[in-house]
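# my questions are about this predicted structure, shown below with the sequence.
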Amino acid sequence: MELNPKDEDGEVLLSRLTLEDDEDAEVLAANQVDRDNRSVGKAERKKIRKVAKMKHVVAEQAGVKISDEPTNQWLVVWGLGIAFGTSKEEIMTYLDPRPVEVRLLVDQSYSFIRCDSQLDASKLKEKYHGSNFSERQMLYVGFVENSEEIPEEDISQILSFQSNIPTGLRIFGEFITKEEEDLIIKNLYVDPTLVSNLKKRTVQHFGYEFRYGTNDVDAGSPLPNNIPDYLKPLVSKMVCCGAFSEEPDQLTVNQYLPGQGIPPHCDTHSCFEGPIVSLSLGSDIVMDFRQANSVCSVNLAARSLLVMGSTSRYGCTHGITPRTCDVIPDKTYGGITVQARKLRISLTFRRLKRGELACHCRFPSLCDTQNGKITDDNASILEDDLVHKVYEDIADHFTETRHKPWPKVKEFVDNLKPGDRLLDVGCANGKYFRINHDILEVGMDMCTGFLMTCRANGNEGVQANGLFLPFKDSYFESVISIAVLHHISTKERRLRFMSEILRVMAPGGIGLIYVWAKDQSLEQTQSTWSERQRERKAYNPPGSCVDQVSDYLFLPVHDRDNEFPHNDMLVPWVNHQEKKHTVHHRYYHVFNEGELEELITETQPASKILDAYYEQGNWVVKFQKPVIS
Ligand SMILES: O=C(O)CCC(=O)C(=O)O
Ligand SMILES: [Fe+2]
């Protein structure tokens, strides 16, 4: 697998994009040189083009001018840089004469090199300019004119390393030998029927299935395959070194390709006793531990054993950001370096709790036995505080960002028959009104701000809660509810919401419901560019990952660069209208595949599902109320 997407010359696309965005005079000049020098060989012309491009990008991004003539001890080397995953150590040992300093820039395909003397700089340029570093990585070298402008390394990238290390976190380096590592990888027979291909990685379970989503196991359903015998010596060694006091009985094998990760999560407290222990094979990788507002990053080297006990186990989430390289501190040369990820396999061992399942840790926000559940008692308060009140606060800003109707909803409304009555449950600013001029439209919402906009546009807007529709039975030929039902916080209430919709629908009437999907990327066609932007953002994740809903209820806060790890989450809304960019947390119940259809068919009278599909992060169901109920 390639480290980074490259073009045919091994050029990182990121830089090419920058170049193509604003055609540079130097590139045009180089093309002119091309045309004028037909006699110059193809390879030479390519070199001229590359140098022009290098000069342009380095000047634009780093403010550093590149010269063809020797200047001082500093060089720029295109082809050795973080974007290619080339570490400082590799650069230092590859170049001869050996440089005295290497400066790396985050995300860039080049680095700045300081040589011992100007003479060494000239020698390096002579030797490596236009040479191959690897099959796909060509090097282009230039002299730096204004060395005082060379940017310092961005050490903010590595501040989370070795800081705020949670107690109970231990790493045993070289826990197994290279031979043992190879043997385990060879033995890990991957049974295709037992493997679930999670979008982000491949997973296989032994003993019990670890259920990602709830981060627990069903203790009543052991798997036919136990922890394999060839891992017995490893298990004994883990007990011997005190990682476990008793043998684990559950194992999850995760396989990560470069670019894959695991969202921040905390293995359910009531399910497992003792620590969670993970052996890394095949590749080094960075794992992040988050607690309240702090992040601690640790490098898990291949063959190391990670033991998560006490605070690191119960008071933190742990996760791996999906990316192809990690920027880490350079222990030998100082500053930053890059660590390219390879295929990594981790073996995570756990021991199921027996007897008393209650957990008495000091971290109720992450503790399933101490954190309250959403119940019928607190659900309406939760919805008032974290849905209705928030929409009142953000109504103006929300309306500003929501104009375009979803094409399939528009089509649905367009196809209604003249004279049909349409109800929009949770109509917000009324963007689905006045699409079809031959129908009677009624909107309802809880939010005064939305209804004011809706009415100002001449539409009918009634203030009501979706759980108690103020309309008579069988009145509407059709009902839509777009992105509303996911704000209802218990299943009973979601069923009530659906039954209200069905009550006010005429027999044979047609409904269309949209809800957010837990899986947000089923049809993802992300560009390389946005993928890299996402990687970069994930270096600075928001600190807090849970928020207190009430004295006894905490919910996880969604990090938009990651998938949804739970069904019930708080999703931040950043209000850019306000001076201080305030953040409001909205409650969401994100739906699993099939959950919406199930809810609709469970509601009486049972409807007929006409269509069910996924559309840009939403599950959608079109249904028909039975003619005779
Ligand atoms: O890959 C790892 O080291 C950790 C995996 C993990 O956290 C899990 O499976 O719950
Ligand atoms: Fe885990």
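In hand now; what should we look at? Ligands and ions are numbered 1, 2, ... in the order given.

# which residues in the stretch 251-400 of the chain form strands?
Applying DSSP state E, counting those that start in this stretch to the stretch 251-400 of the chain gives strands spanning 262-265, 272-281, 285-291, 294-300, 305-308, 317-320, 325-329, 336-340, 344-352.

# same thing with the stretch 51-200 of the chain?
66-67, 74-78, 101-104, 110-114, 132-134, 137-138, 140-144, 169-172, 196-198.

# who does the fifth one pair with, and is each partner parallel or antiparallel?
Each strand pairing with strand 132-134, determined using DSSP bridges, is listed with its direction: strand 137-138 (antiparallel).

# quick one: mean pLDDT over the strand it pairs with.
Averaged across strand 137-138, pLDDT comes to 90.

# renumber starting at 127 from here on
All right, first residue 127 from here; so that's strand 263-264.

# centre of the chain to that strand, how far?
Its chain's average C-alpha position is 31 Å from that of strand 263-264, according to C-alpha atoms, centre = their mean, to the nearest Å.

# next, the buried residues of stretch 375-386.
Buried residues in stretch 375-386, defined by neighbour count with 16 or more other C-beta atoms under 10 Å: D375, Q376, L377, T378, V379, N380, Q381, Y382, L383, P384, G385, Q386. All C-beta spots, glycine's among them, are computed from the backbone N, C-alpha and C.

# wait, does that stretch make contact with ligand 1?
Yes: using C-beta under 6 Å from any ligand atom, stretch 375-386 reaches ligand 1 at T378, N380.

# any idea how far that stretch is from the middle of the chain?
17 Å.

# could you export it as CSV, CA atoms only?
Taking C-alpha atoms only, stretch 375-386 is exported to CSV below (Å, rounded to 0.1, in the frame of the first residue of the first chain):
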residue,chain,number,x,y,z
ASP,A,375,-10.6,-15.1,28.1
GLN,A,376,-11.4,-12.7,25.3
LEU,A,377,-9.3,-11.5,22.4
THR,A,378,-9.9,-9.1,19.7
VAL,A,379,-7.6,-9.0,16.7
ASN,A,380,-7.6,-5.7,14.8
GLN,A,381,-5.9,-5.2,11.5
TYR,A,382,-5.2,-1.6,10.5
LEU,A,383,-4.0,-0.6,7.0
PRO,A,384,-2.1,2.7,6.9
GLY,A,385,-4.8,5.4,7.0
GLN,A,386,-7.1,3.3,9.3
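
# need the pLDDT of K132.
Confidence at K132, expressed as pLDDT, is 35.

# hang on, N562 is in a strand, isn't it?
No: assigned with DSSP: H, G, I helix; E, B strand; the rest coil, N562 falls outside any strand and is coil.

# residues contacting it?
V539, D540, L542, L548 (C-beta atoms under 8 Å, 6 or more residues apart in numbering).

# phi, psi for it please.
Dihedral pair for N562: phi -110, psi 120, per degrees, to the nearest 10.

# and it, how far from Q244?
From N562 across to Q244, the span is 76 Å (C-beta to C-beta, to the nearest Å).

# buried sites along the top strand by length along the chain?
Under DSSP state E, the strand in the chain containing the largest number of residues is strand 631-642. Residues M631, A632, G635, I636, G637, L638, I639, Y640, V641, W642 are the ones in strand 631-642 that count as buried (16+ other C-beta under 10 Å).

# with distance to G720 and pLDDT as extra columns, can I get those residues in CSV?
CSV is the format used below for these (distance: C-beta to C-beta, whole Å; pLDDT from 0 to 100):
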residue, distance to G720, pLDDT
M631, 22, 98
A632, 27, 97
G635, 23, 97
I636, 21, 98
G637, 18, 98
L638, 17, 98
I639, 14, 98
Y640, 15, 98
V641, 12, 98
W642, 15, 96
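
# which of those sits closest to ligand 1?
Distance to ligand 1 across the buried residues of strand 631-642 (C-beta to the nearest ligand atom) is lowest for W642, with 24.3 Å.

# and the closest one, how far from N744?
From W642 to N744 the distance is 6 Å (C-beta to C-beta).

# which parts of stretch 256-265 are buried?
Buried residues in stretch 256-265 (16+ other C-beta under 10 Å): F259, R262, Q263, M264, L265.

# the first one contacts E216, doesn't it?
Spelled out, that is F259. No: using C-beta atoms under 8 Å, F259 is not in contact with E216, being 9.1 Å away.

# cool, thanks, signing off.
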